[in-house]
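**Student:** Kindly generate the corresponding structure for this input.
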Amino acid sequence: MTSARERLNRMRSEGASQEEAFALFDSLEAADSPGMLDLWRGSEIATGHPLEGLLTVSGWYGKQFDSAEHVHPLVFQKKNGDLYAVNPIWIPMNLPFDKIPRGPIRPAMTLARPFVRTRKSAARLRQIEYRGTVSAAMVYDHKDIIDVFRKVDEDTRFAVMDVKSLNSDKSYFFVLERMRGKAFRP
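**Tutor:** The predicted model follows:
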């Protein structure tokens, strides 16, 4: 029998269909909100979603959960390794993401950094029912986005982004890995 960790690692290296990703997601136990508090490094799972690749090439690092009321949903990393939080209000969700060239994204983020950077949290952590399971979820303050988490192990979460306004029949999947002792101050 293949473990959830092995299935996830295969998906990270080879990609997966939406059905395979949801099958793994649905098989995992619920994540609890207190277990989310920390800095997490993120990575995408390729399943054919139009957003794939944009976060990675933009310098996305992950997410930081300071408390149930204070979450930094978009933490980015500069080339020198420093981390900073971005206010998601500046990211439009109604673009044809699959048609955006990936090459200019990182330089554009560098230029935009002074305008999109924030010290304020931009999301909250809640327990929400999704696909029949109540689990930890991050609710954006000013976007119609909810990221729902399931527990792979103590330091790994498998997640799906649920976006009401995104014109896609596909879901965006990603992985978060806990970075113990590496929290940053926005």
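
**Student:** which stretches of the protein form strands?
**Tutor:** Applying DSSP state E to the chain gives strands spanning 29-30, 38-45, 60-65, 71-77, 83-86, 117-118, 123-130, 133-140, 145-153, 156-163, 172-178.

**Student:** centre of the chain versus the third one, how much separation?
**Tutor:** Okay, so that is strand 60-65. Distance of strand 60-65 from its chain centroid, counting by C-alpha atoms, centre = their mean, to the nearest Å, is 7 Å.

**Student:** partners of that strand, with directions?
**Tutor:** Applying DSSP bridges, strand 60-65 is found paired with strand 38-45 (antiparallel), strand 71-77 (antiparallel).

**Student:** which stretch in the strands of the chain is the model least sure about?
**Tutor:** Per-stretch mean pLDDT for the strands of the chain is lowest at strand 117-118 (a mean of 81).

**Student:** returning to what we had before: tell me which of the strands paired with strand 60-65 approaches Gly53 most closely.
**Tutor:** Nearest to Gly53, of all the strands paired with strand 60-65, is strand 38-45, at 7.3 Å by C-beta to C-beta. Backbone N, C-alpha and C define where each C-beta goes, glycine included.

**Student:** related to what we said a few turns ago, quick one: closest of the strands of the chain to Glu19.
**Tutor:** Judging the strands of the chain by C-beta to C-beta, what sits closest to Glu19 is strand 172-178, at 11.7 Å.

**Student:** relative to strand 38-45, how tilted is that closest one?
**Tutor:** For strand 172-178 against strand 38-45, the angle by axes from the mean of the first three to the mean of the last three C-alpha atoms, to 10 degrees is 140 degrees.

**Student:** List the contacts of strand 172-178.
**Tutor:** Applying C-beta atoms under 8 Å, 6 or more residues apart in numbering, the external contacts of strand 172-178 come out as 8, 11-12, 16, 21, 25, 38-45, 47, 49, 51-52, 55, 62-63, 149, 152, 154-161, 163.

**Student:** partner strands of it, parallel or antiparallel?
**Tutor:** Here, using DSSP bridges, strand 172-178 pairs with strand 38-45 (antiparallel), strand 156-163 (antiparallel).

**Student:** and Asn9, how many neighbours?
**Tutor:** When counting by other C-beta atoms under 10 Å, one arrives at 14 neighbours for Asn9.

**Student:** wait, Ser3
**Tutor:** What Ser3 shows, counting by other C-beta under 10 Å, is a neighbour count of 10.

**Student:** What lies in contact with stretch 41-51?
**Tutor:** Against stretch 41-51 from outside (C-beta under 8 Å, 6+ apart): 11-12, 15-18, 20-21, 52-53, 55-56, 60-63, 96-98, 161, 168, 170-177, 179.
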